[in-house]
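# following is a predicted model, sequence given first.
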Amino acid sequence: MACDAVPMLVGSSLSESQLQKLLQAYQPDFVWLPDSRLSEMLEGRPVLSFGGYSLIASGYDKAYAIHNSLALLLTTSGSTGSPKFVRLSHENLMSNAMAISQYLELTPDELPITTLPPSYTYGLSIIHSHILKGASIALTNQTFFNRGFWDFLQATGATSLSGVPYHYEILKKLRFARMDIPSLRTLTQAGGRMNPDSTLEFAMHCRSRGMRYFTMYGQAEATARMSYLHPENAVEKAGSIGRAIPGGSFWLENELGQRLEGPDFDGELVYQGGNVFMGYAERYQDLSKADECKGILKTGDLARRDADGDYYIVGRLKRFLKIFGHRVNLQDVEELISTSGFSVACAGRDDHLDIYLSHEDCAIGQQIKERLVAELKIAPGALRVLGISEIPRSESGKIQYSLLETHPSQLLA
């Protein structure tokens, strides 16, 4: 940050092939790598080592322009290794951090505990918004499943806990409602739509304990957050994403781009605010581009607004799923499989990815499942490979995704 460098944040579990794809697309000057992976940068030169990581001068000699406003590159598609990133400006980061700290009413005595990686927009927004207010952060690599996590939470006196729907499913299994954690005063949830019944359960628990429960909605394209549901409404409006964050605004549009006024209409959710990204990047040539969005984001989500002005997500227009909080682009997954010569179509819902394969060999299905589990870093239970005699297509040759679920198929893996 001191030298005005632009970071591209990716997870350290990125495979070698995915890393090489990104290096070729962006040709960065430097790469931070775990020391155990230095062999993947044979052409590079180590210039600094710290904390089990090394900073490698990549050796790329191509000089290219970077826009003055560009501050950060974040991935849009989880761990598929797609070269598509969002371009975030300094204004985007500051605007969103200020809005989040305002509606969460953050103060210097807040102490969140890390439950999400900083390469994930939700995890990074927690860091940014708390640092902005001078708060401390309890850092741990341990997960909910480790007794050490809960011991550390108690020892540090952490005041807030954040998670995606998958985290809350774990908390239910761990009987979180029976835990005695006096310091904890806030729970926040984002990263995908959670079952309203689960939302209600946690909202009621928080209310009974004098804690705050925030349901939030966002995308990497909006730096992080676009909406929040105030804790006062968490029980009565379980399932709602609430309303736009300070400084932002929502509206709904129909298929013709016309605004829908009044309550109880379904339309595409559109957001406007200073946190809307500059546009996408897929290679280094895109880093010199100026702001292409002008503060307006068509979210690709279908939503409904109630009479009070609070919004509810009712469906998706874009072809992506959230698997345990990480967005997976179905197009990326299809391309990944089709490179092996298979005809494939992907569908499903949040936390459940279905792979329809024009093949009936269980061994092949198992191989593809194992590959995707390894590449996407998702649990095997979130993925099914289904054999289908023929992938349904329209006369123009486009896959008819709406027919996949009703088409005869057999479970391969």
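Yep, that arrived.
# got any ranges where this protein has weak pLDDT?
Applying pLDDT under 70 to the chain picks out residues 77-81, 318, 394-398.
# quick check: longest strand of it.
Criterion DSSP state E: the longest strand present in the chain is strand 296-305.
# for Ala303, see how far away the closest residue to Phe250 other than its chain neighbours is.
Leaving aside its sequence neighbours, Phe250 sits nearest to Ala244 (C-beta to C-beta, 6 or more residues apart in numbering; 4.8 Å). Where you see a C-beta, it was placed from the backbone N, CA and C, and this is true even at glycine. Separation of Ala244 from Ala303 (C-beta to C-beta, to the nearest Å): 12 Å.
# look at those two and report which has more neighbours.
Ala303 (24 against 21; other C-beta atoms under 10 Å).
# helix, strand or coil for the residue nearest to the more buried one when sequence neighbours are not counted?
Closest residue to Ala303 apart from its sequence neighbours, by C-beta to C-beta, 6+ apart: Leu269 at 4.0 Å. Following DSSP: H, G, I helix; E, B strand; the rest coil, we place Leu269 in the strand state.
# for Leu269, list each beta-bridge partner.
Leu252 (DSSP bridges).
# that one against Arg305, yeah?
No: taking C-beta atoms under 8 Å as the definition, Leu269 is not a contact partner of Arg305, at 9.0 Å.
# which residues in this protein form helices?
16-26, 90-103, 121-132, 147-156, 165-173, 196-209, 330-338, 362-376 (DSSP state H).
# if we can go back for a sec, beta partners of the residue nearest to Phe250?
For Ala244, the beta-bridge partners under DSSP bridges are Ser227.
# could you list every residue that touches it?
226-227, 250, 271, 273 (C-beta atoms under 8 Å, 6 or more residues apart in numbering).
# 10 Å instead?
99, 217, 225-228, 250-251, 271-273, 309, 311 (C-beta atoms under 10 Å, 6 or more residues apart in numbering).
# same question for Tyr120.
9, 11, 74-75, 78-79, 126, 164, 191, 220, 224, 325-327.
# then Met1?
7, 71-72.
# over to Tyr64?
26-27, 283-285, 287-288.
# any quick PyMOL command for the buried ones out of the residues you listed?
Here is the PyMOL command that selects the buried residues among the contacts of Tyr64 (16 or more other C-beta atoms under 10 Å):
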select buried, resi 26+27+284+287
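# can you flag which of the contacts of Tyr64 belong to strands?
Using DSSP E, no member of these falls in strands.
# what's the closest of the contacts of Tyr64 to Asn146?
Among those, Tyr26 lies closest to Asn146 (C-beta to C-beta), at 34.9 Å.
# so how far is His359 from the residue lying closest to that closest one once chain neighbours are set aside?
Leaving out its chain neighbours, the residue that sits closest to Tyr26 by C-beta to C-beta, 6+ apart is Tyr284, at 4.8 Å. Using C-beta to C-beta, Tyr284 is found at 38 Å from His359.
# could you give the bridge partners of Lys298?
Val270.
# contacts only, for Gln410.
With contacts defined as C-beta under 10 Å, 6+ apart, Gln410 is in contact with 360, 362, 365, 386-389.
# mind redoing it with 8 Å?
Contacts for Gln410 (C-beta under 8 Å, 6+ apart) come out as 360, 386-387.
# picking that back up, pull the most distant pair out of the contacts of Tyr120.
Ser79 and Ile126 (19.6 Å).
# who's more crowded, these two?
Ile126 (25 against 22).
# look up how far Ser54 lies from the spatially most central residue of the chain.
Centroid check for the chain by C-alpha atoms, centre = their mean gives His326 as the closest residue, at 4.5 Å. His326 sits 26 Å away from Ser54, going by C-beta to C-beta.
# do Arg305 as well
Distance, Arg305 to Ser54, using C-beta to C-beta: 51 Å.
# neighbour count: the two, which is higher?
Comparing Arg305 with Ser54 by other C-beta under 10 Å, the one with more neighbours is Arg305, at 23 against 19.
# doesn't Glu253 make contact with the more buried one?
No: taking contacts as C-beta under 8 Å, Arg305 lies outside contact range of Glu253: 11.9 Å.
# domain assignment for this structure?
Here the domain assignment for the chain is 1-64, 87-316, 320-411, based on automatic domain parsing.
# tell me the most buried of these?
For those, the largest average neighbour count (mean count of other C-beta atoms under 10 Å) is found in domain 87-316, namely a mean of 18.
# what's the end-to-end length of it?
End-to-end span of domain 87-316 (C-alpha to C-alpha, to the nearest Å): 23 Å.
# can you put the helices of the chain in JSON lines and add distance to Cys3?
What follows is the helices of the chain, written out as JSON lines (distance: least, C-beta to C-beta, whole Å):
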{"stretch": "helix 16-26", "distance to Cys3": "18"}
{"stretch": "helix 90-103", "distance to Cys3": "14"}
{"stretch": "helix 121-132", "distance to Cys3": "19"}
{"stretch": "helix 147-156", "distance to Cys3": "32"}
{"stretch": "helix 165-173", "distance to Cys3": "36"}
{"stretch": "helix 196-209", "distance to Cys3": "43"}
{"stretch": "helix 330-338", "distance to Cys3": "33"}
{"stretch": "helix 362-376", "distance to Cys3": "34"}
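# do you know which of the ones you listed lies nearest Asp350?
helix 165-173 (7.3 Å).
# could you export the closest one as CSV, CA atoms only?
Extracted in CSV, the C-alpha atoms of helix 165-173 (Å, rounded to 0.1, in the frame of the first residue of the first chain):
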residue,chain,number,x,y,z
PRO,A,165,-24.9,-20.0,5.7
TYR,A,166,-22.7,-23.0,5.9
HIS,A,167,-21.1,-21.6,9.1
TYR,A,168,-24.5,-21.3,10.7
GLU,A,169,-25.3,-24.9,9.8
ILE,A,170,-22.1,-25.9,11.7
LEU,A,171,-23.1,-23.7,14.7
LYS,A,172,-26.5,-25.4,14.9
LYS,A,173,-24.7,-28.8,15.0
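# that one vs helix 196-209, what angle?
60 degrees (axes from the mean of the first three to the mean of the last three C-alpha atoms, to 10 degrees).
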